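K.L.:
fold the following and give me the result.
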Amino acid sequence: MAALLDTLIELNPWWKGDSTPIGIERELYLQRIKKYLSTGEIVVLNGVRRSGKTTLLHQTISYLINEQRVPPKKILFINFDEPAFSQIDEPIEEILTLYRTDVCGEQDIWLVFDEVQTIEDWEKYIKSLYDRGTYHIILSGSSSSLFENRLSTLLSGRYFAVPVFPLTFLEYLQFVGFPLREDVLARAADKYRIMNHLRDYLRYGGFPRVVLQQEELLKTEYLRSYYDTIVFRDIILNNRVRNVKALKELLYYLFSNCSNLFSYRNLEDLLKIDFATLKEYLLYAQQAKILFEVPFFAYSLKVQSRNNKKCYCIDNGLRNSIAFRFSSDEGRLAENAVFIALLQSGFEPYYWKGMGEVDFVIKHPDDTLSAINVSYTDLPDEREYAGLREFSLTFKEKVPSLILLTKDLEQESGGIRCIPLWKWLCTGSVHGQGSNKPDLYH
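P.N.:
Below you'll find the model as predicted:
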């Protein structure tokens, strides 16, 4: 027990009066977390591994201690990825008993559990602790099964979810020491600095530790390590995958072909994986938050299901570290960045295809639609305009917004707004909730 207590003391330095390792604050997430903390319900951070959930938990602990004046010893933080906890039969119960006996026996305790999904039957323990009414509970996990399977079954209506992504482009600028101000966007000289940062963002992505790393070789090594860990721990181990070779070939193909249309049948023929296994493996990748399917836009679910899907990945850096590179990659990476920005803003993108194509369709709460094409050049092909016009004619008054994202071209022609991608990322896409920034979807 002495060794276990030493581990807890090491994980909770605030018990000894030491500072909390908070890193760079991610204010958009902290605003939501603080709001949910006041409800008394469980707060759950969920997202791809290494996206910054642990740091957000530490930032939340700092907020509780420094702003809410919670006594430090009334906050217990546990990272269940720690090897010291893997040998304990009932880790949540045994750790909590030790903590209550040797550290804090008072009421009104804050329990902050990181990577809780690694503990068998964790949801039953959490429900029991919640039902006692004497604990405030904050959880994090790296797989969507944390919600879809166990959490939603036993704890439905008892928690608020905070999806955590790698850095938005605005957060990226903050992390590299170029925080965006209103006057920066107005100065022409700063535009090129932002565009240079965007080039690096498209290449290395937004995982916080990768962004803060200066050496390019180490950036790539971190990303490959992240990929290997996610595939092994969050897909292969979690789901007891037997045909590991087939899984890895499927992931490699989809990462190499991000933003392209695909069909299950074509993948089945190409990779020699049977249909049921293929769908199963794709589901595992989506639960691990590394790949996303985008369906065809139609009001009929039957029409949606009959059409092919498009595939996008969680982070361009992750994709670039393991995928085959094409000469047209910059355009693919720009499109993937737009998809992730839409997700980060709380949207569920679709694509549409007629004679032409629309990369992203967004359905708004008022039932209007936005159509977005991405052409990462200053001389967009006429097909990009034609696809948007065709979509507008097809859905008529429902489409007040037609947007073409470019490298640096800014103009409006025939109802289509051309917006530089760097400006759209800085002033529109990442501010879907509670922002006073201009809305570049409408």
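K.L.:
report the distance from the helix or strand harbouring Leu223 to the chain centre.
P.N.:
With elements taken from DSSP states H and E, the one containing Leu223 is helix 216-229. Between the centre of helix 216-229 and the centre of its host chain there is 18 Å, according to C-alpha atoms, centre = their mean, to the nearest Å.
K.L.:
and for stretch 96-111?
P.N.:
The gap between the average C-alpha position of stretch 96-111 and the chain average comes to 33 Å, counting by C-alpha atoms, centre = their mean.
K.L.:
what's next to that stretch, contact-wise?
P.N.:
Around stretch 96-111, the neighbours that count as contacts under C-beta atoms under 8 Å, 6 or more residues apart in numbering are 1, 4-5, 8, 15, 61, 64, 70, 73-76, 78, 129, 134-138. C-betas here are computed from N, CA, C, even on glycine.
K.L.:
I'd say Glu384 and Ile403 touch.
P.N.:
No. With contacts counted by C-beta atoms under 8 Å, Glu384 stays clear of Ile403, the gap being 10.7 Å.
K.L.:
give the residues shared as contacts by the two.
P.N.:
Among the neighbours of Glu384, those also in contact with Ile403 (C-beta under 8 Å, 6+ apart) are Asn373.
K.L.:
Leu402 belongs to a helix?
P.N.:
No. Counting by DSSP: H, G, I helix; E, B strand; the rest coil, Leu402 is located in no helix; its state is strand.
K.L.:
how much space separates it from Thr7?
P.N.:
If you measure Leu402 against Thr7 using C-beta to C-beta, to the nearest Å, the figure is 57 Å.
K.L.:
neighbour count winner among the two?
P.N.:
Set side by side, Leu402 and Thr7 give different neighbour counts by other C-beta atoms under 10 Å, the larger being at Leu402 (23 against 17).
K.L.:
run through the bridge partners of the more buried one.
P.N.:
Going by DSSP bridges, Leu402 is paired in beta bridges with Ala371, Ile416.
K.L.:
assign Leu333 to helix, strand or coil.
P.N.:
Leu333, by the three-state scheme (three-state DSSP), is helix.
K.L.:
not counting residues beside it along the chain, what's closest to it?
P.N.:
Using C-beta to C-beta, 6 or more residues apart in numbering and skipping the chain neighbours, the partner closest in space to Leu333 is Leu202 (4.3 Å).
K.L.:
ok now do Thr20, which residues does it touch?
P.N.:
The neighbours of Thr20, taking C-beta under 8 Å, 6+ apart as the test, are Pro13, Trp14, His58, Gln59, Ile61, Ser62, Ile65.
K.L.:
buried ones among these?
P.N.:
Those of the contacts of Thr20 that meet the buried threshold are Trp14, His58, Gln59, Ile61, Ser62, Ile65, by 16 or more other C-beta atoms under 10 Å.
K.L.:
looks to me like the residue nearest to Leu333 is in a strand.
P.N.:
No. Assignment of Leu202 by three-state DSSP gives helix, placing it outside any strand.
K.L.:
could you tell me which of the contacts of stretch 96-111 belong to helices?
P.N.:
Taking DSSP state H, the ones among those that sit in helices are Leu4, Leu5, Leu8, Ile61, Leu64, Leu129.
K.L.:
which of these sit farthest apart?
P.N.:
Pairwise distances among those were taken by C-beta to C-beta; the largest, 23.8 Å, belongs to Leu4 and Leu64.
K.L.:
higher neighbour count, the two?
P.N.:
Comparing Leu4 with Leu64 by neighbour count (other C-beta under 10 Å), the higher total belongs to Leu64, at 23 against 18.
K.L.:
circling back: pLDDT (mean, whole number) over the helix holding Leu223?
P.N.:
Taken as a whole, helix 216-229 carries a mean pLDDT of 96.
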